[in-house]
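>>> one predicted model, sequence on top.
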2 protein chains.
Amino acid sequence: MKLLDFFTDKVTEIGLSDLARLSGIDKATVLRMLQDMAESGFVEQNPENRRWRLGAGILRLARLREAAQPVTRVLTPILERLAGDTGETAHASLLSGRDLANIGVVEPTRANRVYIEPGLALPLHATASGLAFTAFARPEQRDRVLGRKLSAITGTTPVTRDSLAAMLTRTAARGFAVADQTYEDEVYGLAVPLFGPDGFACGALAVATPASRVSEPHERGILAALAPAAAEATRGLGGRVPAHHRIIY
Amino acid sequence: MKLLDFFTDKVTEIGLSDLARLSGIDKATVLRMLQDMAESGFVEQNPENRRWRLGAGILRLARLREAAQPVTRVLTPILERLAGDTGETAHASLLSGRDLANIGVVEPTRANRVYIEPGLALPLHATASGLAFTAFARPEQRDRVLGRKLSAITGTTPVTRDSLAAMLTRTAARGFAVADQTYEDEVYGLAVPLFGPDGFACGALAVATPASRVSEPHERGILAALAPAAAEATRGLGGRVPAHHRIIY
DNA sequence: AACGTCGGTGTAAATAATGAACCAACAAGG
DNA sequence: CCTTGTTGGTTCATTATTTACACCGACGTT
């Protein structure tokens, strides 16, 4: 299933040989995997160039999940309001396997804004969303993140266990997370956890701003919009904000 | 991946033992599969009752596919207009593996209307959408459908190769498909193919009406709305309607 | 014409998946 | 209060599976 992770916003179709190279798996094996996944509708082959792309079955499953729990429907209006109020790009993400899945993005109207790929997988240690989630996640999840080897994505990405742990305790104390160009240069992120029914984080709500625009009042304004939006989102998803959670700037 | 097919509109969470029973696979194997899929975000475990449900990673992939080719965005307004014009339930589906994946449904406002499960997998031989698709699909796909053993879903479902072949040639001649309670009792379906860039069918656009409401003028009215809607949808998806395609009532 | 790449196919070797038995924990029932 | 039947999860020896190498024809470039 990791084959699917090679499809991104930009590269929507991949040929057999390319996919084998990218994944490091033998061509024959990749082909069989793709054919199996095609049976289930996860991928489909472009009949023109014989390249592979994500299949319509994914849309079906997504509708199924959305019918069971309408996260997109709940989050989209909240994101729109958040982007409008802050004038910055707002996005929401949920835990998906070993990182956060970007579920929704809304950009503001201004010209200088942060672009976030739709459907991006956000690493838990290098993004504001990831920190906000991890700091309030179930302890075993927190520990699993701390136990990984942390990849350096930019120069300021935390790579040692200690620096990450420090960031997490700081995040837990403040109630929100900051990521100063730890994932992408020039991008400054503020994030707040989204809570599940068990009172632990299940995702995050975040605002990304160009680093050049960061200032104390701006930051304060973003958090003022982010906090109630996250509370509303948590409620809308059927979650419960734990009593001790406070946002302290 | 067939494990995922046991999740439906109604049953959104399944326990390990249930899933093992349903699939006929050993518990241990199912557990391992689920854990692997959880790593990729396809499923996730409800921490409260330890049951499994579709994961957030599916939403991510769906967003990715939607970014590559915005089918939902294109089809939804068309479906809404279609449902409004006909006063009946309209739905669209695309080929996904061995059957059609229901991609969008819009219901009319009237009380007596057909309900179609979101995210349903439509069998190719037993639904109007399936017939419309298969009749205009690439020859090899058509033959694959004819080669299957056809399951009887209602009393009128075509089960022999010959009866299905007859239905397909009739569909090909008329340009649209009719399914008179072949999938669900009391439901009458009319469908038109959606075409891909290669001029072969890639899906179908359909209107479902209670069998009690069927009449020649009603049917004529539905087709009058369906035909231009399908043409618009095909264009919107980047497809090409073959020159020979005509709808002849 | 030579070369590289493409998607795809067989087959023998080697790995990985499999499932019966077992466990603790919980619930309903007598 | 014990029985009986669930549940989710684990173990480990057996086994069948996947794997990857080599090869193929087709297409495009050089």
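Noted; the coordinates are in hand. Please read all numbers here as calculations on a predicted model, not as lab measurements. Numbering: from 1, shown residues only, chains lettered A, B, ... in the order given.
>>> surely A:Pro100 touches A:Ala121?
In this structure residue A:100 is Leu, not Pro. Yes. A:Leu100 lies in contact with A:Ala121 (CB atoms under 8 Å); the separation is 7.1 Å. (Glycine included, C-beta is placed from N, CA and C.)
>>> between those two, which has more neighbouring residues?
Set side by side, A:Leu100 and A:Ala121 show more neighbours around A:Leu100, with 31 against 19, by other CB atoms under 10 Å in any protein chain shown.
>>> okay, and the more buried one sits in which element?
Secondary structure assigned from DSSP states H and E places A:Leu100 in strand A:99-106.
>>> so what does that strand touch, helix or strand wise?
For strand A:99-106, the packing partners by 3 or more CB pairs under 8 Å, 6 or more residues apart in numbering or on different chains; DSSP states H and E come out as helix A:71-86, strand A:89-96, strand A:121-122, helix A:128-135, strand A:201-210, helix B:56-68.
>>> and if we set it to 6 Å?
In this structure, strand A:99-106 packs against helix A:71-86, strand A:89-96, strand A:121-122, helix B:56-68, with contacts taken as 3 or more CB pairs under 6 Å, 6 or more residues apart in numbering or on different chains; DSSP states H and E.
>>> show me which residues of chain A sit near chain B.
A:1, A:9, A:12, A:39-41, A:47, A:54-65, A:67-68, A:94, A:96-97, A:101, A:103, A:118-119, A:198 (CB under 6 Å from any CB of the partner chain).
>>> now list the buried members of those residues.
A:1, A:12, A:39-41, A:54-65, A:67-68, A:94, A:96-97, A:101, A:103, A:118-119 (16 or more other CB atoms under 10 Å in any protein chain shown).
>>> longest helix in chain A, please.
Counting residues, the longest helix in chain A under DSSP state H turns out to be helix A:216-236.
>>> quick one: secondary structure of the residue of chain A positioned farthest from its centre?
Distance from the centre of chain A peaks at A:Glu48, with 33.4 Å (CA atoms, centre = their mean). Secondary structure, DSSP: H, G, I helix; E, B strand; the rest coil: A:Glu48 is coil.
>>> domain map for chain A?
Residue ranges for the domains of chain A, per automatic domain parsing: A:2-61, A:69-236.
>>> next, count neighbours for the residue in chain A that DNA strand C sits nearest to.
Residue of chain A nearest DNA strand C, by CB to the nearest atom of the strand: A:Gly15 (2.5 Å). Neighbour count of A:Gly15, defined by other CB under 10 Å: 13.
>>> how much space separates the residue nearest to it when sequence neighbours are not counted from B:Ala230?
Nearest residue to A:Gly15, sequence neighbours excluded (CB to CB, 6 or more residues apart in numbering or on different chains): A:Arg51, at 4.7 Å. Per CB to CB, to the nearest Å, A:Arg51 is found 27 Å from B:Ala230.
>>> again, but for A:Gly104
From A:Gly104 to B:Ala230 the distance is 30 Å (CB to CB).
>>> how about A:Ile247?
For A:Ile247 relative to B:Ala230 (CB to CB), the value is 51 Å.
>>> of the two, who's got more company?
Regarding A:Ile247 and B:Ala230, a neighbour count based on other CB under 10 Å identifies B:Ala230 as having more, with 29 against 15.
>>> contacting residues for the more buried one?
B:192, B:205 (CB atoms under 6 Å, 6 or more residues apart in numbering or on different chains).
>>> so for it, what's the pLDDT?
Predicted confidence (pLDDT) for B:Ala230: 98.
>>> any idea how far the residue of chain A closest to DNA strand C is from A:Trp52?
In terms of CB to CB, A:Gly15 sits 7 Å off from A:Trp52.
>>> can you check A:Gln141 too?
Relative to A:Trp52, and taking CB to CB, A:Gln141 is found at 33 Å.
>>> more neighbours: which of those two?
Neighbour count, other CB under 10 Å: between A:Gln141 and A:Trp52, A:Trp52 has more, with 27 against 17.
>>> so that one touches A:Gln45, yeah?
Yes. Counting by CB atoms under 6 Å, A:Gln45 is a contact partner of A:Trp52 at 5.5 Å.
>>> tell me the contacts of A:Leu146?
A:Arg161.
>>> from the domains of chain A, which stretch is densest packed?
domain A:69-236 (a mean of 20; mean count of other CB atoms under 10 Å in any protein chain shown).
>>> that one: end-to-end distance?
10 Å (CA to CA, to the nearest Å).
>>> I'd assumed A:Leu22 was in contact with A:Phe6.
Yes. Assessed by CB under 6 Å, A:Phe6 is found in contact with A:Leu22 at 5.1 Å.
>>> does stretch A:49-67 come close to DNA strand D?
No. Judged by CB under 7 Å from any atom of the strand, stretch A:49-67 makes no contact with DNA strand D; its nearest approach is 10.0 Å.
>>> which residue is the nearest non-sequential neighbour of A:Phe195?
A:Gly239 is the one closest to A:Phe195 (CB to CB, 6+ apart), at 4.2 Å.
>>> quick one: what helix or strand has the one you found in it?
Judged by DSSP H and E, A:Gly239 forms part of no helix or strand.
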